[in-house]
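Enquirer: Let me see the structure of the following:
(4 chains)
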Number of protein chains: 2
Amino acid sequence: MNGTNHGHAEDPAAALRQTSLRVTKQRVAVLEAVRDHPHADTESVIRSVRGSLPTVSHQAVYDSLHTLTEVGLLRCIQPSGSVARYERRIGDNHHHLVCRSCGLIVDVDCTVGHAPCLVPSHDAGFRVEAAEVTFWGLCPDCADSGSAADTDRLASSV
Amino acid sequence: MNGTNHGHAEDPAAALRQTSLRVTKQRVAVLEAVRDHPHADTESVIRSVRGSLPTVSHQAVYDSLHTLTEVGLLRCIQPSGSVARYERRIGDNHHHLVCRSCGLIVDVDCTVGHAPCLVPSHDAGFRVEAAEVTFWGLCPDCADSGSAADTDRLASSV
DNA sequence: TGCTTCTTTTGAATCAGTCAAGGAAAGAGC
DNA sequence: GCTCTTTCCTTGACTGATTCAAAAGAAGCA
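Expert: This next block holds a predicted model:
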């Protein structure tokens, strides 16, 4: 539950320095934003970053998110029908529970054990590198309220 | 491997009739297009449908894809970074292998057995209805050619 | 400090997908 | 086969997320 990355999970600047990336306040702010809002979409990250840096361009945030994802400091997830979302918990092969109704995303630990936690029944010659698991359902709140209306819509999409 | 749906896998018109949907040539053509091009994106479906119906609007195809997905005749999948793709193999809880390099998608049967084939380690109070598994890797072709260049890019995104 | 290279800003463009209104066609009943 | 009602398709404009490109600005090395 503590720093899973390379021992720098809590210090964005240090994390950046360990890569060959320049340490800019924009990138630090993006890392902090994602740390503070797990599974945030780009829009939320921009809003959050502008809390400390009111003038950042959306482009800078897009660039940062891409770059940081590329070097492995962030992970990008995109459940069907959702925009890109980012998280800092990387390298532990965890998966996600997604609410079909409100879009809430919650982490779940690997179903079986260690990565790769799953092996396809046949791999069609692929060099398989990772398994990504998304559990679809209803979060507690949505399951309680309006479960009838939702259930209809859901039956068909499974 | 044969008709998995309700015994009408090969006859689009019959499949439509079993739902309460009207049998229009546009919908039949969309079903045929997806049957003939599994995992096709909307753009490809449009192109394919226009082979037999040169004047269909893209809107008609979008509508048909949505409607057919809603009634369960199609399934929509959207691997991260990809546009929506559709397939007709439904109800058998199979999963997908996706090539990170060229985007090729291949079906794989359910890893463990029957649906729901996976149960999260803890469900955070969710009412879990389905597990979607995506295996990421390199298809045989991409693994052969230019594997060095790709490997770099990939190492970071797992 | 000065220089080089990488980043960010600015502003416009692209692309998938959606909205809305009117015309067209499917299917039910006669 | 004909008519009516309801559902579906066409047209054309629009939205929202993301990307492109050029020029200005900062980071880090010598």
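
Enquirer: Now name the helix or strand holding the closest residue to DNA strand C within chain A.
Expert: Using Cβ to the nearest atom of the strand, the point where chain A gets nearest to DNA strand C is A:Ala60, with a distance of 2.8 Å. For every residue, glycine as well, the C-beta is placed using N, CA and C. Using DSSP states H and E, A:Ala60 sits in helix A:58-70.

Enquirer: Show me what counts as buried in that helix.
Expert: Within helix A:58-70, the residues scored as buried using 16 or more other Cβ atoms under 10 Å in any protein chain shown are A:60-61, A:64-65, A:67-69.

Enquirer: What strands line up against whichever helix or strand comes after that helix, and which way round?
Expert: Using DSSP H and E, the helix or strand that follows helix A:58-70 towards the C-terminus is strand A:75-77. Strand A:75-77 has its sheet partners listed here by DSSP bridges as strand A:85-87 (antiparallel).

Enquirer: picking that back up, including distance to DNA strand D and pLDDT, could the buried residues of helix A:58-70 go into TSV?
Expert: As requested, the buried residues of helix A:58-70 are exported to TSV (distance: Cβ to the nearest atom of the strand, whole Å; pLDDT from 0 to 100):
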residue	distance to DNA strand D	pLDDT
A:Ala60	9	97
A:Val61	9	98
A:Ser64	11	98
A:Leu65	8	98
A:Thr67	11	97
A:Leu68	13	97
A:Thr69	10	95
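
Enquirer: export the helix holding A:Ala60 as CSV, just CAs?
Expert: Taking C-alpha atoms only, helix A:58-70 is exported to CSV below (Å, rounded to 0.1, in the frame of the first residue of the first chain):
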residue,chain,number,x,y,z
HIS,A,58,-4.6,22.5,-21.7
GLN,A,59,-1.9,21.5,-24.2
ALA,A,60,0.7,21.4,-21.6
VAL,A,61,-1.4,19.0,-19.5
TYR,A,62,-2.1,16.8,-22.5
ASP,A,63,1.6,16.7,-23.3
SER,A,64,2.6,16.0,-19.7
LEU,A,65,0.1,13.2,-19.3
HIS,A,66,1.3,11.6,-22.5
THR,A,67,5.0,11.9,-21.6
LEU,A,68,4.5,10.8,-18.0
THR,A,69,2.5,7.8,-19.2
GLU,A,70,5.3,7.0,-21.7
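
Enquirer: Give me the domain ranges for chain A.
Expert: The record assigns chain A these domain ranges, following automatic domain parsing: A:12-77, A:92-155.

Enquirer: B:Val45 is nearest to which of those?
Expert: domain A:92-155 (23.2 Å; Cβ to Cβ).

Enquirer: any idea which of the domains of chain A scores lowest on pLDDT?
Expert: Note on the domains of chain A: domain A:92-155 shows the lowest mean pLDDT, a mean of 74.

Enquirer: Run a quick neighbour tally on A:Asp107.
Expert: A count of nearby residues for A:Asp107, using other Cβ atoms under 10 Å in any protein chain shown, gives 15.

Enquirer: same thing with A:Glu43?
Expert: Count around A:Glu43 with other Cβ under 10 Å applied: 12.

Enquirer: how close does it get to A:Ser82?
Expert: 12 Å (Cβ to Cβ, to the nearest Å).

Enquirer: same thing with A:Phe126?
Expert: 25 Å.

Enquirer: More neighbours: the two, which one.
Expert: A:Phe126 (22 against 15).

Enquirer: Now that one: phi and psi?
Expert: With angles defined as degrees, to the nearest 10, A:Phe126 sits at phi -70, psi 150.

Enquirer: near chain B, anything from the longest strand seen in chain A?
Expert: For chain A, the strand that runs over the most residues, judged by DSSP state E, is strand A:127-138. Yes: on the criterion Cβ under 8 Å from any Cβ of the partner chain, strand A:127-138 is in touch with chain B at A:127-138.

Enquirer: By neighbours, which of these wins?
Expert: Neighbour-wise, those (other Cβ under 10 Å) top out at A:Leu138, 26 neighbours.

Enquirer: Mind listing the residues bridging to that one?
Expert: Assigned bridge partners for A:Leu138, using DSSP bridges, are B:Arg127.

Enquirer: Following whatever helix or strand A:Leu97 lives in in sequence, what is the next regular element?
Expert: For A:Leu97, the enclosing helix or strand under DSSP H and E is strand A:95-99. Once strand A:95-99 ends, the next helix or strand along the chain (criterion: DSSP H and E) is strand A:105-108.

Enquirer: For stretch A:93-112, buried residues please.
Expert: Result for stretch A:93-112 [16+ other Cβ under 10 Å]: buried residues A:93-101, A:103-106, A:108, A:110-112.
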